[in-house]
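Colleague: requesting a structural model of the entry that follows:
(chains A and B)
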Amino acid sequence: DAGVIQSPRHEVTEMGQEVTLRCKPISGHDYLFWYRQTMMRGLELLIYFNNNVPIDDSGMPEDRFSAKMPNASFSTLKIQPSEPRDSAVYFCASSPGTGSNEQYFGPGTRLTVT
Amino acid sequence: DAKTTQPPSMDCAEGRAANLPCNHSTISGNEYVYWYRQIHSQGPQYIIHGLKNNETNEMASLIITEDRKSSTLILPHATLRDTAVYYCIVRVQGMNDYKLSFGAGTTVTVRA
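Modeller: Numbers count the residues shown, from 1 in each chain, chains lettered A, B, ... in the order given. Below you'll find the model as predicted:
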(Lines give C-alpha, C1' and ligand atoms only; values in the text may rest on other atoms or scores of the structure.)
Protein backbone atom coordinates (compact mmCIF):
# COMPACT_ATOMS: atom_id res chain seq x y z
CA ASP A 1 0.00 0.00 0.00
CA ALA A 2 1.21 3.50 -0.77
CA GLY A 3 0.36 4.81 2.67
CA VAL A 4 -1.60 7.96 3.38
CA ILE A 5 -1.35 10.39 0.49
CA GLN A 6 -1.68 14.14 0.94
CA SER A 7 -1.71 16.92 -1.59
CA PRO A 8 -0.37 19.42 -2.13
CA ARG A 9 2.85 18.99 -0.18
CA HIS A 10 3.40 22.73 -0.07
CA GLU A 11 0.90 25.55 -0.43
CA VAL A 12 1.60 29.26 -0.38
CA THR A 13 -1.37 31.57 -0.54
CA GLU A 14 -2.39 35.08 0.29
CA MET A 15 -4.56 36.05 3.21
CA GLY A 16 -8.23 35.83 2.35
CA GLN A 17 -7.87 33.09 -0.22
CA GLU A 18 -9.54 29.71 0.03
CA VAL A 19 -7.26 26.75 0.67
CA THR A 20 -8.17 23.10 0.14
CA LEU A 21 -6.01 20.29 1.45
CA ARG A 22 -6.58 16.75 0.27
CA CYS A 23 -6.06 13.32 1.76
CA LYS A 24 -6.35 9.74 0.59
CA PRO A 25 -6.30 7.30 3.50
CA ILE A 26 -4.95 3.78 3.47
CA SER A 27 -7.42 1.46 1.81
CA GLY A 28 -9.57 -0.39 4.32
CA HIS A 29 -8.99 2.03 7.16
CA ASP A 30 -12.24 3.16 8.76
CA TYR A 31 -10.88 6.20 10.60
CA LEU A 32 -9.42 9.39 9.22
CA PHE A 33 -7.84 12.20 11.23
CA TRP A 34 -6.76 15.74 10.46
CA TYR A 35 -4.02 17.30 12.61
CA ARG A 36 -2.26 20.64 12.62
CA GLN A 37 1.30 21.19 13.84
CA THR A 38 2.93 24.47 14.78
CA MET A 39 5.97 25.29 16.86
CA MET A 40 3.84 27.10 19.41
CA ARG A 41 1.04 24.57 19.86
CA GLY A 42 2.60 21.30 18.81
CA LEU A 43 0.49 18.62 17.17
CA GLU A 44 -3.26 19.20 17.56
CA LEU A 45 -6.14 17.02 16.45
CA LEU A 46 -8.65 19.04 14.44
CA ILE A 47 -11.30 16.49 13.47
CA TYR A 48 -11.73 12.81 12.86
CA PHE A 49 -14.12 10.64 10.86
CA ASN A 50 -15.39 7.11 11.25
CA ASN A 51 -16.79 5.48 8.12
CA ASN A 52 -16.94 8.90 6.46
CA VAL A 53 -18.96 10.44 9.31
CA PRO A 54 -17.42 13.22 11.43
CA ILE A 55 -17.17 12.00 15.01
CA ASP A 56 -15.37 14.78 16.83
CA ASP A 57 -14.68 18.22 15.43
CA SER A 58 -14.01 19.92 18.73
CA GLY A 59 -10.47 20.74 17.64
CA MET A 60 -11.53 22.76 14.61
CA PRO A 61 -10.39 26.26 15.51
CA GLU A 62 -13.26 28.25 14.03
CA ASP A 63 -15.90 28.39 11.34
CA ARG A 64 -13.35 29.21 8.70
CA PHE A 65 -12.28 25.57 8.86
CA SER A 66 -14.38 22.78 7.41
CA ALA A 67 -13.69 19.14 6.60
CA LYS A 68 -15.52 16.62 4.48
CA MET A 69 -15.20 12.97 3.64
CA PRO A 70 -17.44 12.22 0.66
CA ASN A 71 -16.25 8.63 0.38
CA ALA A 72 -13.92 6.15 2.03
CA SER A 73 -10.95 7.10 -0.10
CA PHE A 74 -10.96 10.89 0.01
CA SER A 75 -11.16 13.75 2.47
CA THR A 76 -10.66 17.49 2.28
CA LEU A 77 -9.83 20.18 4.79
CA LYS A 78 -10.85 23.63 3.66
CA ILE A 79 -9.93 27.01 5.08
CA GLN A 80 -11.95 29.98 3.88
CA PRO A 81 -10.84 32.69 4.21
CA SER A 82 -7.26 31.87 5.15
CA GLU A 83 -5.27 33.97 7.61
CA PRO A 84 -1.52 34.16 8.35
CA ARG A 85 -2.06 32.41 11.70
CA ASP A 86 -3.26 29.34 9.80
CA SER A 87 0.29 28.78 8.60
CA ALA A 88 1.26 25.31 9.81
CA VAL A 89 1.87 21.75 8.70
CA TYR A 90 -1.37 19.84 8.30
CA PHE A 91 -1.26 16.08 8.64
CA CYS A 92 -3.81 13.51 7.67
CA ALA A 93 -3.77 10.09 9.33
CA SER A 94 -5.82 6.94 9.02
CA SER A 95 -6.42 4.00 11.30
CA PRO A 96 -7.94 0.56 10.88
CA GLY A 97 -9.89 1.26 14.04
CA THR A 98 -9.81 -2.33 15.23
CA GLY A 99 -9.85 -1.11 18.81
CA SER A 100 -6.26 0.07 18.49
CA ASN A 101 -4.92 3.60 18.35
CA GLU A 102 -2.38 2.81 15.66
CA GLN A 103 -2.58 5.76 13.35
CA TYR A 104 -0.66 6.07 10.10
CA PHE A 105 0.27 9.56 9.09
CA GLY A 106 0.76 11.13 5.71
CA PRO A 107 3.73 13.35 4.82
CA GLY A 108 1.82 16.53 5.59
CA THR A 109 0.99 19.73 3.74
CA ARG A 110 3.05 22.77 4.67
CA LEU A 111 0.74 25.78 4.40
CA THR A 112 2.05 29.32 4.33
CA VAL A 113 -0.43 32.19 4.33
CA THR A 114 1.12 35.57 3.58
CA ASP B 1 -6.32 10.27 29.82
CA ALA B 2 -3.36 9.78 32.11
CA LYS B 3 -0.67 12.43 31.87
CA THR B 4 2.80 11.38 30.75
CA THR B 5 6.18 12.84 31.63
CA GLN B 6 9.22 12.45 29.39
CA PRO B 7 12.67 14.03 29.50
CA PRO B 8 12.90 16.84 26.95
CA SER B 9 16.01 15.50 25.28
CA MET B 10 18.63 12.79 25.29
CA ASP B 11 21.66 11.76 23.29
CA CYS B 12 22.63 8.29 22.21
CA ALA B 13 25.66 6.81 20.51
CA GLU B 14 25.17 5.12 17.17
CA GLY B 15 25.04 1.34 17.50
CA ARG B 16 24.19 1.44 21.19
CA ALA B 17 20.81 0.81 22.74
CA ALA B 18 18.66 3.88 23.38
CA ASN B 19 16.43 3.67 26.45
CA LEU B 20 13.64 6.24 26.50
CA PRO B 21 11.77 6.61 29.78
CA CYS B 22 8.17 7.67 30.30
CA ASN B 23 6.33 8.21 33.55
CA HIS B 24 2.56 7.72 33.69
CA SER B 25 1.86 7.39 37.39
CA THR B 26 -1.89 8.10 37.03
CA ILE B 27 -2.50 5.43 34.41
CA SER B 28 -5.70 3.48 34.85
CA GLY B 29 -6.23 -0.22 34.35
CA ASN B 30 -7.67 -0.01 30.86
CA GLU B 31 -5.18 2.46 29.42
CA TYR B 32 -2.52 1.39 26.98
CA VAL B 33 0.91 2.91 26.47
CA TYR B 34 1.63 4.00 22.89
CA TRP B 35 4.86 5.23 21.39
CA TYR B 36 5.16 7.31 18.26
CA ARG B 37 8.09 9.17 16.78
CA GLN B 38 8.43 12.06 14.38
CA ILE B 39 11.47 12.40 12.23
CA HIS B 40 12.15 15.96 11.09
CA SER B 41 9.77 17.16 8.36
CA GLN B 42 7.82 13.88 8.35
CA GLY B 43 4.52 12.78 9.81
CA PRO B 44 4.49 10.91 13.13
CA GLN B 45 5.16 7.20 12.90
CA TYR B 46 3.59 4.53 15.09
CA ILE B 47 6.21 2.42 16.88
CA ILE B 48 4.64 0.09 19.42
CA HIS B 49 2.03 -0.17 22.16
CA GLY B 50 1.29 -2.34 25.16
CA LEU B 51 -0.93 -2.80 28.19
CA LYS B 52 1.12 -4.57 30.84
CA ASN B 53 3.26 -7.19 29.18
CA ASN B 54 6.53 -6.35 27.52
CA GLU B 55 6.21 -6.02 23.77
CA THR B 56 8.70 -6.29 20.93
CA ASN B 57 8.47 -5.67 17.23
CA GLU B 58 10.90 -5.02 14.41
CA MET B 59 11.40 -1.43 15.48
CA ALA B 60 11.64 -1.48 19.25
CA SER B 61 10.87 -3.08 22.58
CA LEU B 62 8.50 -1.73 25.20
CA ILE B 63 9.10 -2.51 28.86
CA ILE B 64 6.26 -1.63 31.25
CA THR B 65 6.88 -1.80 34.99
CA GLU B 66 4.76 -4.16 37.03
CA ASP B 67 2.82 -1.32 38.65
CA ARG B 68 2.42 0.24 35.16
CA LYS B 69 3.44 3.67 36.44
CA SER B 70 6.32 3.93 34.01
CA SER B 71 7.66 2.41 30.83
CA THR B 72 10.78 2.36 28.70
CA LEU B 73 11.05 2.28 24.94
CA ILE B 74 14.20 0.53 23.81
CA LEU B 75 15.77 1.02 20.41
CA PRO B 76 18.21 -1.90 20.44
CA HIS B 77 20.80 -0.59 18.00
CA ALA B 78 20.29 3.10 17.40
CA THR B 79 21.18 4.50 13.99
CA LEU B 80 21.46 8.07 12.80
CA ARG B 81 18.04 7.63 11.18
CA ASP B 82 16.51 7.13 14.63
CA THR B 83 17.12 10.80 15.44
CA ALA B 84 13.58 12.07 16.07
CA VAL B 85 11.09 13.30 18.63
CA TYR B 86 9.60 10.37 20.52
CA TYR B 87 6.14 10.62 22.03
CA CYS B 88 4.76 8.49 24.84
CA ILE B 89 0.95 8.52 24.90
CA VAL B 90 -1.42 6.81 27.28
CA ARG B 91 -4.83 6.01 25.89
CA VAL B 92 -7.85 3.89 26.46
CA GLN B 93 -8.33 1.36 23.68
CA GLY B 94 -11.48 0.07 22.09
CA MET B 95 -13.79 2.77 23.40
CA ASN B 96 -14.66 4.20 19.98
CA ASP B 97 -12.67 7.29 20.89
CA TYR B 98 -9.48 7.49 18.95
CA LYS B 99 -8.10 10.87 19.92
CA LEU B 100 -4.36 10.91 20.55
CA SER B 101 -2.81 13.76 22.52
CA PHE B 102 0.80 14.39 21.57
CA GLY B 103 2.79 16.19 24.23
CA ALA B 104 6.25 17.69 23.85
CA GLY B 105 7.99 14.31 23.64
CA THR B 106 11.70 13.52 23.95
CA THR B 107 14.08 14.78 21.30
CA VAL B 108 16.54 11.95 20.71
CA THR B 109 19.78 12.71 18.92
CA VAL B 110 21.85 9.76 17.78
CA ARG B 111 25.49 10.70 17.36
CA ALA B 112 28.09 8.93 15.24
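
Colleague: show me where pLDDT drops low in chain B?
Modeller: B:1-2, B:93-97 (pLDDT under 70).

Colleague: give me every residue in chain A lying close to chain B.
Modeller: Chain A comes close to chain B at residues A:4, A:31, A:33, A:42-43, A:45, A:48, A:50, A:56, A:91, A:93, A:95, A:97, A:99-108, as judged by CB under 8 Å from any CB of the partner chain. Glycine gets a C-beta too; all of them are placed from N, C-alpha and C.

Colleague: same thing but 6 Å
Modeller: A:31, A:43, A:45, A:91, A:99, A:101-102, A:105-108 (CB under 6 Å from any CB of the partner chain).

Colleague: what's the lowest-pLDDT member of these?
Modeller: pLDDT across these is at its lowest for residue A:99, which sits at 66.

Colleague: make JSON lines out of the residues of chain A next to chain B and add secondary structure and neighbour count.
Modeller: Below are these laid out as JSON lines (DSSP: H, G, I helix; E, B strand; the rest coil; neighbours: other CB atoms under 10 Å in any protein chain shown):
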{"residue": "A:31", "secondary structure": "strand", "neighbour count": "20"}
{"residue": "A:43", "secondary structure": "strand", "neighbour count": "24"}
{"residue": "A:45", "secondary structure": "strand", "neighbour count": "22"}
{"residue": "A:91", "secondary structure": "strand", "neighbour count": "27"}
{"residue": "A:99", "secondary structure": "coil", "neighbour count": "12"}
{"residue": "A:101", "secondary structure": "coil", "neighbour count": "21"}
{"residue": "A:102", "secondary structure": "coil", "neighbour count": "21"}
{"residue": "A:105", "secondary structure": "strand", "neighbour count": "22"}
{"residue": "A:106", "secondary structure": "coil", "neighbour count": "24"}
{"residue": "A:107", "secondary structure": "coil", "neighbour count": "17"}
{"residue": "A:108", "secondary structure": "coil", "neighbour count": "23"}
